[in-house]
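Student: Need a 3D model of the following:
(2 chains)
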Amino acid sequence: MKKRGFIPIDTNWFDRLFIGVISFVALQLFWMRFLENILSINFAMGIGVAWIIFVIWKG
Amino acid sequence: MFSNNRTGWLLLSPTIFILILVGLVPFFYVLYVGFFKWNPLAVDPSMQFEGFGYNYRQLIFDEVFLSSIWRSIRFAVVTLFFELSLGFLLALSLLSSFPLKSFFRGVHTLPLVIAPIVVGSIFKLFTVQGLGPLPHFLKDFFGYTLNYGLNADQAFWMIVIMDIWHWTPFVTLTLLAGLSALPQDPYESAKIDGANNFQIFIYITIPMMVPVLIVVIFIRLMDSLKIVDEVWMLTGGGPGYATRFTGIHIWKEVFEKRFYGFGSAMSILYLYITIVICWLLYSVMVSRGKSED
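Tutor: Predicted coordinates for the structure are as follows:
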């Protein structure tokens, strides 16, 4: 069943999972390139997982 | 749900099995190999796990790989623009009747049936310095030196021309099929209302062709992003890195240097980028289509 959350298109749960995973990977790559010298990649992992759950729930 | 549709699932099972075998299994194997440092010709030929991010961390600092991605995207956008424009023009012209139309359509479709590696060799024979007729005539008649073995811009544009020559017929045929299937009522109404040909094209033909255009754009975009064989035959990725598209770069890393783990990570990352580009494009096109409705 499709619904409209903070993502500006109608999505079902699989769409939101897909968007969550795509942005999770982007965050990991960005973190490895620019932020890993300052903060461990584990922070990105935690933020990423929380982000996926949030996107599936509210996206 | 499963028990109600048992016959359906039974009939679908061979397809699902084949899809899993040829689609998912290789994908997950490449994903798995991408987490390892693995070179079978190294001192230690075994697969060594150095953390999930080992190869990907190397990749995002690999300037050759990153520049190859930009080069591939630039190539895909340029070829897509020219193939769509030319393909649309040719499809529109093939809708009208003119002498030798069937002959032209047949000849125009010929490049489609030629294997990419053969297209590369045809272009090489035609354009290579000292052997091909094209550099010879260009020098004699226009004083222009064509030597893509030395000139990076010429090499890039030669690949673009080759791809356009090879794939424009596909765009033409697909768009021609779409144009032939369009309903005639809106055209008749527009003519009665006094619309000119340009207005009819912009406000009726293009909006009605959007579904076909989306399909063509996706097929050509994905094909252009994974180009390897024509480039391999014509320039081999050179001169320097001028035509080293990501496909060629992966090929060199995997088959020349035997970096299987690194090459697998590259393939996965490139697949990710392709999916993101296609998904963004699809979302934009679908949302624009909805807003126009």
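Student: Could you report the neighbour count for whichever residue of chain B sits closest to chain A?
Tutor: Chain A sits closest to residue B:60 of chain B, with a gap of 4.7 Å, by C-beta to the nearest C-beta. The way it works is simple: take the backbone N, C-alpha and C, and place the C-beta from them, glycine included. Residue B:60 has 18 neighbours, counted by other C-beta atoms under 10 Å in any protein chain shown.
Student: In terms of secondary structure, what does the strand or helix carrying residue B:156 contact?
Tutor: Element membership for residue B:156 (DSSP states H and E) is helix B:152-180. Counting contacts by 3 or more C-beta pairs under 8 Å, 6 or more residues apart in numbering or on different chains; DSSP states H and E, helix B:152-180 is packed against helix B:63-95, helix B:101-109, helix B:116-127, helix B:206-225, helix B:229-234.
Student: Need those in a markdown table (columns: mean pLDDT).
Tutor: What follows is the helices and strands packed on helix B:152-180, written out as a markdown table (pLDDT from 0 to 100):
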| stretch | mean pLDDT |
| --- | --- |
| helix B:63-95 | 93 |
| helix B:101-109 | 85 |
| helix B:116-127 | 92 |
| helix B:206-225 | 90 |
| helix B:229-234 | 91 |
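Student: Single out the most deeply packed of the ones you listed.
Tutor: helix B:229-234 (a mean of 21; mean count of other C-beta atoms under 10 Å in any protein chain shown).
Student: So what touches that helix?
Tutor: B:115-117, B:119-121, B:123-124, B:127, B:148, B:158-159, B:162-163, B:166, B:237, B:243, B:245, B:247-248, B:251 (C-beta atoms under 8 Å, 6 or more residues apart in numbering or on different chains).
Student: now do stretch A:27-34
Tutor: A:39, A:41, A:43-45, A:47-48, A:51, B:53, B:56-57, B:60-61, B:269.
Student: if we go to 10 Å?
Tutor: A:35-36, A:38-45, A:47-48, A:51, B:52-53, B:56-61, B:66, B:269, B:272 (C-beta atoms under 10 Å, 6 or more residues apart in numbering or on different chains).
Student: Narrow the residues you listed to those in helices?
Tutor: A:41-45, A:47-48, A:51, B:56-59, B:66, B:269, B:272 (DSSP state H).
Student: now, which of those residues sits nearest residue A:17?
Tutor: Using C-beta to C-beta, residue A:51 is the member of these that lies nearest residue A:17, at 11.8 Å.
Student: buried set for the helix holding residue B:156?
Tutor: B:154-156, B:158-160, B:162-176, B:178-179 (16 or more other C-beta atoms under 10 Å in any protein chain shown).
Student: What is the subsequent helix or strand relative to it?
Tutor: Immediately after helix B:152-180, counting by DSSP H and E, sits helix B:185-192.
Student: and that next one, average pLDDT?
Tutor: Averaging pLDDT along helix B:185-192 yields 90.
Student: Close to chain A: what parts of the stretch 51-200 of chain B are there?
Tutor: B:51, B:52, B:53, B:56, B:57, B:58, B:59, B:60, B:61, B:66 (C-beta under 10 Å from any C-beta of the partner chain).
Student: which ones are touching the third one?
Tutor: Contacts for residue B:53 (C-beta under 10 Å, 6+ apart) come out as A:28, A:29, A:31, A:32, A:36, A:41, A:44, A:45, B:35, B:59, B:60, B:265.
Student: Any idea which residue of chain A lies closest to chain B?
Tutor: residue A:33 (4.7 Å).
Student: and that residue, which of the three is it?
Tutor: Secondary structure state of residue A:33, per DSSP: H, G, I helix; E, B strand; the rest coil, is helix.
Student: burial of it, as a residue count?
Tutor: Using other C-beta under 10 Å, residue A:33 has 14 other residues around it.
Student: Around chain B, pick out the residues from chain A.
Tutor: A:7-10, A:15, A:18-19, A:21-23, A:25-26, A:28-34, A:36, A:41, A:44-45.
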